[in-house]
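Peer 1: Have a look at this prediction, sequence included:
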2 protein chains.
Amino acid sequence: MTYNGTTIVVDAMGGDHAPAVVAEGLALALAADADLQVLLVGPEAVVTPLASERCEPVIATEVIGMGEHPAAAVRGKKDSSIVVGCRLVKDGRAGGVFSAGSTGACMAAATLVMGRIPGIARPAIAAVIPAASRPTVLLDVGANADVKADMLVQFARMGAAYARVMLGVTEPSVGLLNIGEEPSKGSALAQEAHELMAASVPGFVGNVEGRDVPAGTVDVIVTDGFTGNVTLKVLEGLASVLFKEMKTALTSTLPNRLAASVVAPAIRELKGRLDPEAYGGAPLLGVNGVCIIGHGSSGAQAIANGIAATARAVRGDLTGTIARAVGDGAGTGA
Amino acid sequence: MTYNGTTIVVDAMGGDHAPAVVAEGLALALAADADLQVLLVGPEAVVTPLASERCEPVIATEVIGMGEHPAAAVRGKKDSSIVVGCRLVKDGRAGGVFSAGSTGACMAAATLVMGRIPGIARPAIAAVIPAASRPTVLLDVGANADVKADMLVQFARMGAAYARVMLGVTEPSVGLLNIGEEPSKGSALAQEAHELMAASVPGFVGNVEGRDVPAGTVDVIVTDGFTGNVTLKVLEGLASVLFKEMKTALTSTLPNRLAASVVAPAIRELKGRLDPEAYGGAPLLGVNGVCIIGHGSSGAQAIANGIAATARAVRGDLTGTIARAVGDGAGTGA
């Protein structure tokens, strides 16, 4: 077997419905991309039957469950699918890894095994928000609950690199999530970050507010992992509530049900367009190699999207782009 | 003129469309509540023509605009409508004040003129979120960008008092907004707050996440004013985007337009049910008197709802209920 295409690692055991749904998603991804090679990592009984010309099984005897303590599990289970997968990237056998497993475990494994890009103080998790006027990269959405202002500067540079490579935005606009537009608004952290970002982040447009996230006012929105995670879950929660209530409203009477059958395709299209899973998982930015983490509840198509996104990030040299973007800047001195 | 009903102050100059829309909203509120007395504060030319048996004009020569620096404006403009209004409450001539003016100016005026309830370290702004399964009180939504854990404990007690008085919930459940369910999750602040709240807040159910805000999992959700403000604006922004996109989808073809005309009332009902303005503005909790702040963009009905909410809070002794709730607890030692 030769690797003249793009090679990425897929964690066969990641996700609530692994390995069945991973196998299904992998088949979709391989069918859609003839230049994709995969190293499929997991227990022998799972990965060996899935071997094919473009899918090489790699055996890992252990699995990290969704409930385990991330760092402890990664340190304790050296032969788990996610740790073995990250080692394959570290050893240069693949350009990136995709897993729909525990976010914490993926983060811990990628950081400990692959290491950070030189100069990066803290890796961050990004999410692509399917906003109204354009997709918006929001970060950090959960890797760092407590941050310092200079980390937010690095998040801005990493998010902009991601928007360039993955969304094709040549000169991404970057906003700082805050609770007012003026530089003097917000927490002490936000005020300090505004000053640093205004001085050193290309494309920085100043503060943006909560409503700018779903509106898609800028290409990249920077915040700490606490606010970002709450924001992401508020968005997911409200979208789910609204579509559910809409369905109830549209089926409340017979005339409504008849009318609803006419508009159902348009509503489904809207729901699909606003579905975060279309963007294929959340990248962990700042580690030395591509690492994309799928939602634990991912279905086969979301897994396929995540695998495709990982391949695209490898082909677009996301890691090198981030390294250059952070190297150009002041860094954090960390 | 006698004040044997409930007397509240209305700021004639508060809001983007003041005074016209305030006058209109006031008329609606007076018509709906025969026991309501109002002190209407503003420039003579505005308030004198609106005098009636249950509406006494009080002249204030100055106005604080939406763009002014709140504390400086309140200190500088002693004869502004909001400062005069708060003084009427302080002097016992009214039980509460409603204004749709600048949130910062209302907050500064209420805190400086009316003072804080003894024991309260920091007043907080609450918002009632029209969530799926029940209205949820979210606080702080913007008064305090930086907080300490013991302030969150007071916010919890104040939010619970508000839910009891205004939403009729006998034993409100209280959650701490965090980025994971386990007590060990989240920022250092959230971890410390969880420990304090578990030990001292009646009805505390532990951490809740972003998705619980629109779902309405608990009666009261406590967070810092930065996260709370972002959350509120994300909710408002996404609801606005979704209803707008829904409208576009439903009118994209002729069959859709015909079907949409059938389901339009159900969608309007849903939109109205999820409209935050139905709850009549955001209360500033912890000051020594009722103070409810309407959205700057309030229409007449939202103004009327805000006036009605202010009267209800006065009648339900919101201020006394908060004082007792905080007095029962550990307080902050501040």
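Peer 2: Sure, I can see it.

Peer 1: For residue A:132, see how far away residue A:170 is.
Peer 2: Distance of residue A:170 to residue A:132, computed by CB to CB, to the nearest Å: 21 Å. No exception for glycine: its C-beta is placed from N, CA and C like everyone else's.

Peer 1: Residue A:23 should be in a strand, yeah?
Peer 2: No. Judged by DSSP: H, G, I helix; E, B strand; the rest coil, residue A:23 forms no part of a strand; its state is helix.

Peer 1: What about the residue nearest to residue A:153 when sequence neighbours are not counted, how many residues nearby?
Peer 2: Nearest residue to residue A:153, sequence neighbours excluded (CB to CB, 6 or more residues apart in numbering or on different chains): residue A:196, at 5.1 Å. Using other CB atoms under 10 Å in any protein chain shown, residue A:196 has 19 neighbouring residues.

Peer 1: one step back: among residue A:170 and residue A:132, which residue is more densely surrounded?
Peer 2: residue A:132 (19 against 6).

Peer 1: Give the phi and psi angles for that one, as a check.
Peer 2: phi -60, psi -50 (degrees, to the nearest 10).

Peer 1: ok, for it, nearest residue in space, not its chain neighbours?
Peer 2: Per CB to CB, 6+ apart, closest to residue A:132 is residue B:241, 4.6 Å.

Peer 1: host element of the one you found?
Peer 2: helix B:225-250 (DSSP states H and E).

Peer 1: quick one: that helix to chain centroid distance?
Peer 2: In terms of CA atoms, centre = their mean, to the nearest Å, the centre of helix B:225-250 is found 18 Å from the chain centre.

Peer 1: Check which helices and strands that helix is in contact with.
Peer 2: Packing contacts for helix B:225-250, counted by 3 or more CB pairs under 8 Å, 6 or more residues apart in numbering or on different chains; DSSP states H and E, involve helix A:212-215, helix A:225-250, helix A:254-273, strand B:124-130, strand B:135-139, strand B:174-177, helix B:212-215, helix B:254-273.

Peer 1: Next secondary structure element downstream of the last one?
Peer 2: Spelled out, that is helix B:254-273. Counting by DSSP H and E, what follows helix B:254-273 is strand B:282-285.

Peer 1: quick check, distance from the following helix or strand past that following strand to the centre of its chain.
Peer 2: Remark: after strand B:282-285, the chain's next helix or strand is strand B:290-293, criterion DSSP H and E. On the basis of CA atoms, centre = their mean, strand B:290-293 sits 7 Å off its chain's mean C-alpha point.

Peer 1: Given strand B:290-293, what are its sheet partners and their directions?
Peer 2: strand B:96-99 (parallel), strand B:282-285 (antiparallel) (DSSP bridges).

Peer 1: roughly how far is the last one from the heart of the chain?
Peer 2: Here strand B:282-285 shows a centroid-to-chain-centroid distance of 4 Å under the convention CA atoms, centre = their mean.

Peer 1: now do stretch A:119-132
Peer 2: 7 Å.

Peer 1: re the thing from before, and the helices and strands packed on helix B:225-250 as a markdown table, adding distance to residue B:100?
Peer 2: A markdown table is the format used below for the helices and strands packed on helix B:225-250 (distance: least, CB to CB, whole Å):
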| stretch | distance to residue B:100 |
| --- | --- |
| helix A:212-215 | 23 |
| helix A:225-250 | 25 |
| helix A:254-273 | 33 |
| strand B:124-130 | 14 |
| strand B:135-139 | 19 |
| strand B:174-177 | 27 |
| helix B:212-215 | 24 |
| helix B:254-273 | 19 |
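
Peer 1: circling back: now do the helix holding residue B:241 against helix A:254-273, angle only.
Peer 2: 120 degrees (axes from the mean of the first three to the mean of the last three CA atoms, to 10 degrees).

Peer 1: If you compare the directions of helix B:225-250 and strand B:135-139, what angle comes out?
Peer 2: 140 degrees.

Peer 1: Same question for helix B:225-250: list its buried residues.
Peer 2: B:225-239, B:241-243, B:245-246, B:249-250 (16 or more other CB atoms under 10 Å in any protein chain shown).

Peer 1: Over to stretch A:90-97?
Peer 2: In stretch A:90-97, counting by 16+ other CB under 10 Å, buried: A:90, A:94, A:95, A:96, A:97.

Peer 1: Any figure for the gap between the third one and residue A:288?
Peer 2: Yep, that's residue A:95 we're talking about. From residue A:95 to residue A:288 the distance is 11 Å (CB to CB).

Peer 1: And the first one, by the same measure?
Peer 2: When distances are taken as CB to CB, residue A:90 and residue A:288 turn out to be 8 Å apart.

Peer 1: Give me the common contacts of those two.
Peer 2: Common neighbours of residue A:90 and residue A:288 (criterion: CB atoms under 8 Å, 6 or more residues apart in numbering or on different chains): A:114, A:115.

Peer 1: Tell me the residue of the stretch 1-150 of chain A that sits nearest chain B?
Peer 2: Here the stretch 1-150 of chain A gets closest to chain B at one residue, residue A:145, 4.1 Å apart by CB to the nearest CB.

Peer 1: my guess is that residue meets residue B:190, correct?
Peer 2: Yes. Look at residue A:145 against residue B:190 with CB atoms under 8 Å: they come within range, at 7.3 Å.

Peer 1: between the two, which one's more packed in?
Peer 2: A count of neighbours by other CB under 10 Å puts residue B:190 above the other of residue A:145 and residue B:190, at 26 against 22.

Peer 1: hmm, the helix or strand bottoming out on mean pLDDT in chain A in reach of chain B?
Peer 2: Ranked by mean pLDDT, DSSP states H and E, the weakest helix or strand in chain A is helix A:254-273, scoring a mean of 81. Yes. Counting by CB under 8 Å from any CB of the partner chain, chain B has neighbours in helix A:254-273: A:255, A:256, A:258, A:259, A:260, A:262, A:263, A:266, A:267, A:269, A:270.
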